[in-house]
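*Asks:* turn this into a model:
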Amino acid sequence: MNDPGLDDAIADEAVALDEASTNPKERTGPDGKPSSQYPQAARWWLASTAYPLMAGTFGPMASAFNICSLSQPWRMDLTSGGGLDIPDPKWVTSINAVSLVSALIANLALSLNMARRIRFEIAQPIIVIGWYISSALLIGILIPFGVLMYKPENDGRIYSQSYYHGTFAAGIYFIISSLMTVTGYGAWRDHYSREYNLTTSQRTLMLQTIIFFIYLLGGAAVYARIEHWRFLDAVYWADYTLLTIGVGNFAPTTHLGRGLLFPYAVGGIIILGLIISSIRTLMLEKGRQKIGDILTAHTHKFLVKEAFSNHSRLQGIVPPLDDQTAKDEGRSDREQRKREFIAMRQVRQLATIQHKWLSLLMSFTLWMTMWLIGGVVFWRSESDAQWSYFQALYFAYTTLLTIGYGDIYPVSSLGKSFFVFWSLLAVPTITILISSIGDTLVRFIRDITLFIGEITILPGDQSFIDRTKDLTKVSWTGWWLEETTGEKRKQCPDENMGDRPPLEAEEKKKENEAQARGDVAAENIHHYHYLLFREVRKLMEQASSNPAREFDYVEWEYYLGLIGGKNRPSISGDEHGDAAQAKTCDWDWLDKKSPLLGRKSEVEWLLGALTETLDQELQRASDMHPSVDKPSKYIDTLYEK
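*Replies:* Model prediction:
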């Protein structure tokens, strides 16, 4: 499935927002169906990319739980003392096995579809139907078992961990099958192409997950034999070992078991780290990107509307742009464009602040939800051990932070099986939360720490009195509207007019030669080339700076003049001037295509535009003026650099 919206994503989201709210009929084509060219909102990114990735991640997990549900009988008899397994009826085992086979076929179809070995139209029904069948079959045998357990002859019998693993597998099968149904519906309605267009890293996420669960279950099988544990107790041990929780109620006691722990734990932790890194990079960061696109589009629409309103409520944030205010102030066209420039920069900065704090709020909410829900389930599952809700919260908290004191731990079948399921979901959330905290609260704490250090023991550029004066003059609105790097942007140093790079030196040399022989046209051409080479070189030097360089309005005017043809020299027979500028700069500052609204930094946008202009200009000049060398060696050298 392709990843719609990742190119010009913010502009597309803004167009979709405007057209959906103003003229919904524009969303359909001549045949009455949604147009495939219509910019897609973020919900279709979820359906086309996030949902298949979630299915690829949770599908192997559900199959692993299904295997666990087959590994041991679903009931245990406690009246015998130690707890004996009660064999399941053959029809239960058979249906359970069919459920697993159906799920494995669905997983295989998804893998082959992601690898483009089979077509989407063939794979999608197999995936959806396969997982729905697996879920239905498991539910069909779980419910009768739930009824049978309440009969009088079953007194003293309890569910084993296998029963609860089957419950988790059935629920996951149903959820991911429903998500893939939405994915298929969106492709059928032409909201995105009917093809998985995932990157190599995205396609390997499912493979990493499969490897992890094979490693988990395989290690559990080995330790169950070595340490004489039940298989699902060994799964419980392997889970908290690889997640580095270390609950401690199971631990290897044999010499062989302790020796094998050295490679087993390291290997599992590495695989788990790869999975968490992939999930964060491929799903969470892309999801954050889409949230940022939505916020920027909505902020753009709202602030521009307020800026043109006669009764704006945000005059302290966005300058008024309405015609009446411009007329009253006698504002020139240039001043109006400058105000639009300022307004769009505020849009981007406000959206950045909203994005980072919303990400923190969502991460914190997810973490709290996992903590509180985990506490409730552990409280109820360990009621026979007389856990209070506070004790359950305490255990869930130490588990989430991978502390694992081991003073209390689950002993019931539900508690241990839920621990395996819950910990695999809950522990990675702390990584997500820490990442979000680093973008917001850590920045604030760092700034305060640096300030305290500057006025106490660390040397600073200002005296204590001057630093305090600056602090009292801080505009807190302005502080919140700064980029969240927490550092003041440094202006680009003045150009060093010493030794020029070969490209610039060559153009300067040709400019001087043309001036000496009186060839004004060639002189102007080479001077223009020299300016382009020089600015490209300067921007390349700034491309890796952190924080990203931002330019004032005068600098933007200069660069847009170079890009749009304002400074282009005239060549006989060439179209230039206003026509060329209109062709290159087909936007204004308030437009959805504004470079201040896009995902690229200002340096990246200008560097791309100047490089493209330089390429076109060298080709144009070589075609129309015989005294100008062919452009290939210039562009090749530039790209090599």
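
*Asks:* and the strands in the stretch 401-550 of the chain?
*Replies:* With DSSP state E, counting those that start in this stretch as the criterion, the stretch 401-550 of the chain has no strands.

*Asks:* low-confidence ranges, it, go.
*Replies:* Applying pLDDT under 70 to the stretch 401-550 of the chain flags the ranges 435-436, 438-444, 447, 450-451, 454-500, 503, 546.

*Asks:* what about the helices in it?
*Replies:* 413-439, 441-455, 464-472, 476-480, 502-516, 520-542 (DSSP state H, counting those that start in this stretch).

*Asks:* and residue 132, which of those helices is closest to it?
*Replies:* Closest approach to residue 132 among the helices of the stretch 401-550 of the chain (C-beta to C-beta): helix 413-439, 20.6 Å. The C-beta positions use only the backbone N, C-alpha and C, and glycine is treated the same way.

*Asks:* out of the helices of the stretch 401-550 of the chain, which gets nearest to residue 344?
*Replies:* helix 476-480 (16.7 Å).

*Asks:* what's the domain layout of this structure?
*Replies:* As given by automatic domain parsing, the domain ranges for the chain are 1-22+41-198, 296-441, 442-480, 502-640.

*Asks:* stretch 406-417: end-to-end distance?
*Replies:* Criterion C-alpha to C-alpha, to the nearest Å; first-to-last residue distance in stretch 406-417 is 17 Å.

*Asks:* for it, which positions count as buried?
*Replies:* By neighbour count on 16 or more other C-beta atoms under 10 Å, the buried set for stretch 406-417 is 408-410, 412-417.

*Asks:* of those residues, just say which sits nearest to residue 46.
*Replies:* residue 417 (30.0 Å).

*Asks:* give me every residue that touches the closest one.
*Replies:* If a contact means C-beta atoms under 8 Å, 6 or more residues apart in numbering, then residue 417 has 68, 161, 164-165, 168, 232, 236 as its contacts.

*Asks:* for residue 388, same thing?
*Replies:* Taking C-beta under 8 Å, 6+ apart, one finds residue 379 in contact with residue 388.

*Asks:* what does residue 543 give?
*Replies:* Residue 543 neighbours (C-beta under 8 Å, 6+ apart): 603-604, 607.

*Asks:* so how far is residue 549 from it?
*Replies:* As judged by C-beta to C-beta, to the nearest Å, residue 543 and residue 549 stand 9 Å apart.

*Asks:* now the common contact residues for these two.
*Replies:* residue 603.

*Asks:* would you confirm that residue 98 contacts residue 137?
*Replies:* Yes. If you go by C-beta atoms under 8 Å, residue 98 and residue 137 touch, sitting 6.0 Å apart.

*Asks:* of these two, who's got more company?
*Replies:* Neighbour totals were compared for residue 98 and residue 137, and residue 137 leads with 21 against 14 (other C-beta atoms under 10 Å).

*Asks:* for that one, which non-adjacent residue is spatially closest?
*Replies:* Once flanking residues are discounted, residue 137 sits nearest to residue 99: 4.1 Å by C-beta to C-beta, 6 or more residues apart in numbering.

*Asks:* show me what contacts that neighbour?
*Replies:* So residue 99 contacts 66, 133-134, 137-138, 169 (C-beta under 8 Å, 6+ apart).

*Asks:* sec struct for it, please.
*Replies:* helix (DSSP: H, G, I helix; E, B strand; the rest coil).
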